[in-house]
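Chemist: Sequence and predicted structure, then a few things I'm wondering about:
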Amino acid sequence: GRACLSHTEPRVRDGRSGEEEEEEEEEGCYQPYPGHIPTSPLQKALLATGSAFMALCDPYRHDMVAVLGETTGCLALPNLRDKMKHHPEGYRILQERPRIRLSTLDIARLRGLPDGSLGREYVRFLEDNKVSPDTRMPPKFVDDEELAYVIQRYREVHDLMHTLLGMPTNMLGEVVVKWFEAVQTGLPMCVLGAVFGPVRLSARKLQVLATELVPWAIRSGRNASCVLNVYYEQRWEQPVESLRKEIGIFPPP
Amino acid sequence: AAAGLCPWRALLVRRGGALRLLCGSVRGLAAGPETHFGFQTVTEAERREKIYQVFESVAKKYDVMNDSMTLGIHRVWKDILVHKMNPSPGTVLLDVAGGTGDIAFRFINYVRSVRERQLQQKLKRHQNLSWQEISESYREDKFKSLGDSQVVVCDINKEMLKVGKQKAQHLGYSEGLSWVLGNAEELPFDDDKFDVYTIAFGIRNVTRIDLALEEAYRVLKPGGRFLCLEFSHVSNPLLSRLYDLYSFQVIPVLGEVIAGDWKSYQYLVESIRRFPPQEELKAMIEDAGFLKVDYQNLNLGIVAIHSGFKL
């Protein structure tokens, strides 16, 4: 994490530029969570613009998508956190703070579960698409540590969204998941990704997207209860179909 | 050792090196002399390690970031440095902290063009030579397009040298150029070896500037010139405020967006503020034994070129 000052600077910069240092007390280091980088409102605005632009230019810059989410989530994240607080399962998640990581998952056990169960299908998804839950960026620019957990949870649950929606990790699949997430979370980053993501798709794919997939994703997103309120780690044995019904996701086309 | 003295502080461990939080001026004796890393206080050993890591991390995007941060103006600064140097064919240059080769390549280009002009003038004068004699002189000069000039690029960081070598290959520089891994505080060269010593945007990252200046003095030939291009201090109050605003608000954001590395660029802007101003650096250069020490401000002091001679 970022170390703090142990003594004040003799030549302190002006208020504007000294904001980062002023936020830290001299006596101790108050860092809301490891990895947090304090930013002024101007910096957040610059980061949001820069990361949006960069993410569009180079879709492989996943870190830019992450930064965009963090710097623009100031309304959506508290909203999500409140939804979680007012739901018994969501509340438990906020208390217990589970993390989805290879070190915490028993992949062998999940693979051994029956076909069609959440655990089995999740592992199948990870293996088919050659992805790992450990590649999610930790938050840096969210100033409240509870909201930082919320966005972290949202990132770690993203692969489970793919599993529940039955979408692969190609551009088309990602866009569909983004539409679903945009409706569900209201995060501006999801909305931007949903709207600008299709720019790089072929005409044929765009047609399928527009006529079948997006309407289904929107309908499911609106019908479903908040996906962050599901304690996935306690439901590996549950069949995907049953979980879909419970949440309110319509069967994929 | 410091942790025992400040038990209420948490120890943050990162990449094997321990980042210690200090309680005022109380520190363990075994920790070594204090210095700064940006606005943090660290030991000299920690500072060297952290700076090495910064440049290891930024090496691949170094040139792109320089262009973005300075809007390409760093190229002009480096051109001015080489013009001020005004090397002639036969000059042997040591470019310290030369990493990605910017000064070295400019030096080679400059010497080549000087050489070409020399050859043209020589040919003009020899109007009465036979074709045999002219073609002989062509052959002899062709293999000396740099005319015995050489540049040695020395850097402490392997990654930066790697990027420099790749660039040289890509741009077609090979003659008269060599790359050496070395520390400015303890150069791997004999005394009295070089005509010119340059250090461009590198001396700020040296932990013991006094040692680097002494080494510079040692390896220069008598009559040799020391040239240092570095960020310096802006005295104009309006420009200073704008510069601070830009440095602290925009540069780390550029670092994050372009290179995915906020912290290295935060270090960069802090290290600029920590670096001695023009007059202080001039005094340090004089302390090392250099004479006729002077400096030239570029862009109202955002950058300064310091020059001194070993006489």
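Modeler: Perfect, thanks for sending it.
Chemist: from here on, contacts and neighbour counts on C-alpha atoms
Modeler: OK.
Chemist: low pLDDT regions in the stretch 201-311 of chain B?
Modeler: For the stretch 201-311 of chain B, applying pLDDT under 70 flags no range at all.
Chemist: Where do the strands of it begin and end?
Modeler: Using DSSP state E, counting those that start in this stretch, the strands assigned to the stretch 201-311 of chain B run over residues B:220-231, B:291-298, B:303-309.
Chemist: Show me what the first one pairs with in its sheet, parallel or antiparallel.
Modeler: Neighbouring strands of strand B:220-231 in its sheet, by DSSP bridges, are strand B:194-200 (parallel), strand B:303-309 (antiparallel).
Chemist: Kindly reformat those as TSV containing distance to A:Ala182.
Modeler: Below are the strands paired with strand B:220-231 laid out as TSV (distance: least, CA to CA, whole Å):
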stretch	distance to A:Ala182
strand B:194-200	49
strand B:303-309	47
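Chemist: Which part of the stretch 51-200 of chain B gets nearest to chain A, residue-wise?
Modeler: Proximity of the stretch 51-200 of chain B to chain A (CA to the nearest CA) peaks at B:Ser68, 12.5 Å away.
Chemist: residues in contact with the closest residue in space to that residue that isn't next to it in sequence?
Modeler: Excluding the flanking residues, the one nearest B:Ser68 by CA to CA, 6 or more residues apart in numbering or on different chains is B:Leu254, at 7.6 Å. Contact analysis of B:Leu254 by CA atoms under 8 Å, 6 or more residues apart in numbering or on different chains lists A:Gly50, B:Met65, B:Ser68, B:Met69, B:Trp262.
Chemist: ok, then the element right after the helix or strand hosting the residue of the stretch 51-200 of chain B closest to chain A?
Modeler: Here B:Ser68, judged by DSSP states H and E, is contained in helix B:62-70. Per DSSP H and E, the first helix or strand lying C-terminal to helix B:62-70 is helix B:73-85.
Chemist: buried residues in that following helix?
Modeler: With burial defined by 16 or more other CA atoms under 10 Å in any protein chain shown, the residues of helix B:73-85 counted as buried are B:His74, B:Arg75, B:Trp77, B:Lys78, B:Asp79, B:Leu81, B:Val82, B:Met85.
Chemist: what do you get for stretch A:211-230?
Modeler: Quick answer for stretch A:211-230 (16+ other CA under 10 Å): A:213-214, A:216-221, A:224-230.
Chemist: ok, now stretch A:65-78?
Modeler: A:Val65, A:Ala66, A:Val67, A:Leu68, A:Gly69, A:Glu70, A:Thr71, A:Thr72, A:Gly73, A:Cys74, A:Ala76, A:Leu77.
Chemist: give me every residue that touches B:Glu214.
Modeler: B:Ala288, B:Gly289.
Chemist: Check the one 4 residues further on too.
Modeler: Taking CA under 8 Å, 6+ apart, we find B:Arg218 in contact with B:Asp191, B:Asp192.
Chemist: ditto for A:Ile247
Modeler: So A:Ile247 contacts A:Ala224, A:Ser225, A:Cys226, A:Val227 (CA under 8 Å, 6+ apart).
Chemist: Show me which pair in the residues you listed is furthest apart.
Modeler: A:Ala224 and A:Val227 (7.5 Å; CA to CA).
Chemist: hey, what's in contact with both of the two?
Modeler: A:Gln184, A:Ile247.
Chemist: just the helices in the chain please.
Modeler: If you meant another chain, say so; for now it's chain A. For chain A, applying DSSP state H gives helices covering A:15-22, A:41-57, A:62-72, A:76-85, A:88-96, A:107-111, A:118-129, A:145-165, A:171-185, A:188-196, A:203-208, A:214-223, A:240-247.
Chemist: meant chain B, my bad for not saying
Modeler: According to DSSP H, the helices that chain B contains are B:2-5, B:44-58, B:62-70, B:73-85, B:102-125, B:131-142, B:158-171, B:209-219, B:237-245, B:251-254, B:262-274, B:278-287.
Chemist: Pick the most buried one from the ones you listed.
Modeler: Mean neighbours per residue, mean count of other CA atoms under 10 Å in any protein chain shown, is largest over the helices of chain B for helix B:251-254, with a mean of 24.
Chemist: Confidence-wise, which helix or strand of chain A is lowest on average?
Modeler: Within chain A, no helix or strand scores below helix A:15-22, which has a mean of 38 by mean pLDDT, DSSP states H and E.
Chemist: Contacts only, for residue 102.
Modeler: Picking chain A for this. A:Leu102 is in contact with A:Ser132, A:Pro133, A:Asp134, counting by CA under 8 Å, 6+ apart.
Chemist: looking at chain B here, not the other one
Modeler: Contacts of B:Asp102 by CA under 8 Å, 6+ apart are B:Lys78.
Chemist: how far away is it from A:Leu75?
Modeler: To A:Leu75, B:Asp102 is 46 Å away according to CA to CA, to the nearest Å.
Chemist: any idea which of the buried residues of stretch A:65-78 is the one closest to B:Val96?
Modeler: Using CA to CA, A:Val67 is the member of the buried residues of stretch A:65-78 that lies nearest B:Val96, at 36.6 Å.
Chemist: Check the nearest residue to that closest one once chain neighbours are set aside and give its pLDDT.
Modeler: Closest residue to A:Val67 apart from its sequence neighbours, by CA to CA, 6+ apart: A:Ser51 at 6.5 Å. Note for A:Ser51: predicted pLDDT of 93.
Chemist: Verify the contact between A:Ser51 and A:Val65 for me.
Modeler: Yes. Applying CA atoms under 8 Å, one finds A:Ser51 in contact with A:Val65, separated by 6.8 Å.
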